[in-house]
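>>> Model the following, please.
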Amino acid sequence: MPKPTSTTRMPAPAIAGPGLVAEYRDRTPASAAAFARAERVLPGGETRAVTSYPPYPVVLADGCGARLWDVDGHMYLDLVNNYTALVHGNAFAPVTDAVADLLPRGVVFASPHHHQVALAERLCQRIPSVERVRFTNSGTEAALLATRIARRATGRSRILLFDGAYHGSATALMPNSPDVVVAPWNDLAAAERLLAGDQPVAAVLAEPFLGAGGVRPATPGFLAGVAEAARSRGALFVLDEVQSLRNGVAGQQGELGLAPDLTLLGKVIGGGFPIGAVGGRADLLALTVGSRTPGHVAHAGTFNGHLAAAVAGLVTLDHLDGAAIDRLTTAGERLAARITAAAAGVDAHVTRAGSILNVHLDPPECLAALHLTLLLDGVYTTPRGMINLSTALTDTDLDEVAAAYTRAFARIADDT
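Numbers count the residues shown, from 1 in each chain. Prediction:
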């Protein structure tokens, strides 16, 4: 099938066929009961949009390594890994040990702490463009802080985003925000036109690949061209590496030869705990220092740089060296090829960036059937087709995953 076009976020999958849904219901009565309980106190039964899907989600109880267990006692191979955050899988022992050692000594203080400094030092060591780091509690908060820094530095308000991108769930980062303009993904000429428009742009925010938009990488030279065009017009170039940092020791900017003014970080740098960060040029980050900068960007947060996240993130990065990243990338390349080859009778296409993949089906509504079929076969993946590998997955695990996709495609082909 043709590659997905640069239009909007991946469409939400429709509900699967009645036979498949009935089989799912028969297998997961405890999840159904747990979700019904959740609906009585959580709107829609969830507190995070991506965790809900029809007829109701599997409710998980435990996770260890590459495996998850639901409340019905079923085991799954984990291909979600909390949407790229758990690069070493669930309950990674070096992380749990380090955090357990920390807990009796306190996890949050109204003071700088050496664990925060150690994580910031590691990020500066790994990413050449990062001279200073300011911690937040999420990638969304990091993106908001970066836009505030950009507006303060440039005296402008407009932000340029790309169609299909996701930089968080805040209104100021949405395409319909009055201070946001949107360019088509991988269309350098369109971005250059918007940057040259009558209303000057403070910053361009871009991902190395569209994560929520279907894992669609930037075409060669696109991001370098965007960065050059932004700077030539006095705008900052902000690279969102919240997901992509796991794909290179210096993130994907290292692989692409980019030096963004600011970098958004999150996910893996917290080792499974909530965290975000803005890293980048020292002069730009200095704008957050109130005691030194008139008209500074005020930035507070009770849990910024939470020590559990700092400790867990440092351990995670220490184990995510070049060799580990190479193994993950090779595993992702091989799995993408095996899933594509398995799609006999189904119009499927796999996009990939390092160890992050996305299975696309035509029509997209078939993704719902694929998702439920894989759950029934013990593979936990995302409703939209995204796959995030972890170092905990063995070659045998990936063989099982490939076999499950083969069976799932065969069932979908038989049912259509």
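
>>> hang on, His115 packs against Gly313?
No: counting by CB atoms under 8 Å, His115 does not reach Gly313; the two are 9.3 Å apart. No exception for glycine: its C-beta is placed from N, CA and C like everyone else's.

>>> higher neighbour count, these two?
Gly313 (29 against 21; other CB atoms under 10 Å).

>>> any idea how far that one is from Leu320?
The gap separating Gly313 from Leu320 is 10 Å, by CB to CB, to the nearest Å.

>>> Between these two, which contacts overlap?
Val268 (CB atoms under 8 Å, 6 or more residues apart in numbering).

>>> Bridge partners for Phe237, pull those for me.
Val204 (DSSP bridges).

>>> which residues sit in contact with it?
Residues in contact with Phe237 (CB under 8 Å, 6+ apart) are 203-204, 206, 226-227, 230-231, 260-262.

>>> The stretch 251-400 of the chain: helices as residue ranges?
With DSSP state H, counting those that start in this stretch as the criterion, the stretch 251-400 of the chain has helices at 251-256, 282-285, 307-319, 322-342, 366-376, 395-415.

>>> could you dump those helices to CSV with mean pLDDT and distance to Met75?
Formatted as CSV, those follow (pLDDT from 0 to 100; distance: least, CB to CB, whole Å):
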stretch, mean pLDDT, distance to Met75
helix 251-256, 96, 33
helix 282-285, 98, 45
helix 307-319, 98, 24
helix 322-342, 98, 20
helix 366-376, 97, 12
helix 395-415, 96, 11
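
>>> Among these, which comes closest to Ala142?
helix 282-285 (12.1 Å; CB to CB).

>>> For that closest one, enumerate the helices and strands it packs against.
Judged by 3 or more CB pairs under 8 Å, 6 or more residues apart in numbering; DSSP states H and E, the packing partners of helix 282-285 are strand 132-136, helix 139-154.

>>> The longest one relative to strand 132-136, how many degrees between them?
Interaxial angle, helix 139-154 versus strand 132-136 (axes from the mean of the first three to the mean of the last three CA atoms, to 10 degrees): 130 degrees.

>>> which element follows helix 139-154 toward the C-terminus?
strand 158-162 (DSSP states H and E).

>>> what comes up buried for that next one?
158-162 (16 or more other CB atoms under 10 Å).

>>> show me what contacts the one residue sitting closest to the centre of the chain?
With distances taken as CA atoms, centre = their mean, the residue of the chain nearest its centroid is Gln243 (3.8 Å). When contacts are counted by CB under 8 Å, 6+ apart, Gln243 touches 83-84, 207, 209, 211, 267, 356.

>>> Out of the residues you listed, list just those in strands.
209, 356 (DSSP state E).

>>> ok, so of the contacts of Gln243, who is nearest Gly280?
Out of the contacts of Gln243, the member with the shortest distance to Gly280 (by CB to CB) is Glu207, at 15.9 Å.

>>> If you drop the residues flanking it in sequence, what lies closest to the closest one?
Asp240 (4.6 Å; CB to CB, 6 or more residues apart in numbering).

>>> Find me the pLDDT at the one you found, would you?
Listed pLDDT for Asp240 reads 98.

>>> so what's the backbone phi/psi at it?
Per-residue torsions, Asp240: phi -90, psi 100 (degrees, to the nearest 10).

>>> That one - how many residues pack around it?
So Asp240, with other CB under 10 Å, has 27 neighbours.

>>> tell me the contacts of it?
Contact partners of Asp240, counting by CB under 8 Å, 6+ apart, are 139, 143, 165, 167, 205-207, 263-264.

>>> closest to Ser177 among those residues?
Scanning the contacts of Asp240 for proximity to Ser177, where the rule is CB to CB, the winner is His167, at 11.2 Å.

>>> Could you dump the helices of the stretch 251-400 of the chain into JSON lines with distance to His88 added?
Formatted as JSON lines, the helices of the stretch 251-400 of the chain follow (distance: least, CB to CB, whole Å):
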{"stretch": "helix 251-256", "distance to His88": "17"}
{"stretch": "helix 282-285", "distance to His88": "29"}
{"stretch": "helix 307-319", "distance to His88": "6"}
{"stretch": "helix 322-342", "distance to His88": "8"}
{"stretch": "helix 366-376", "distance to His88": "22"}
{"stretch": "helix 395-415", "distance to His88": "14"}
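
>>> Out of the ones you listed, the one nearest Gly63 is which?
The closest of those to Gly63 is helix 395-415. By CB to CB, the value is 14.0 Å.

>>> What distance do you get for the residue nearest to Glu207 to Ala227?
Taking CB to CB as the measure, Asp240 falls 13 Å from Ala227.

>>> Please tell me how far stretch 359-367 is from the chain's geometric centre.
Distance, stretch centre to chain centre, for stretch 359-367: 21 Å (CA atoms, centre = their mean, to the nearest Å).
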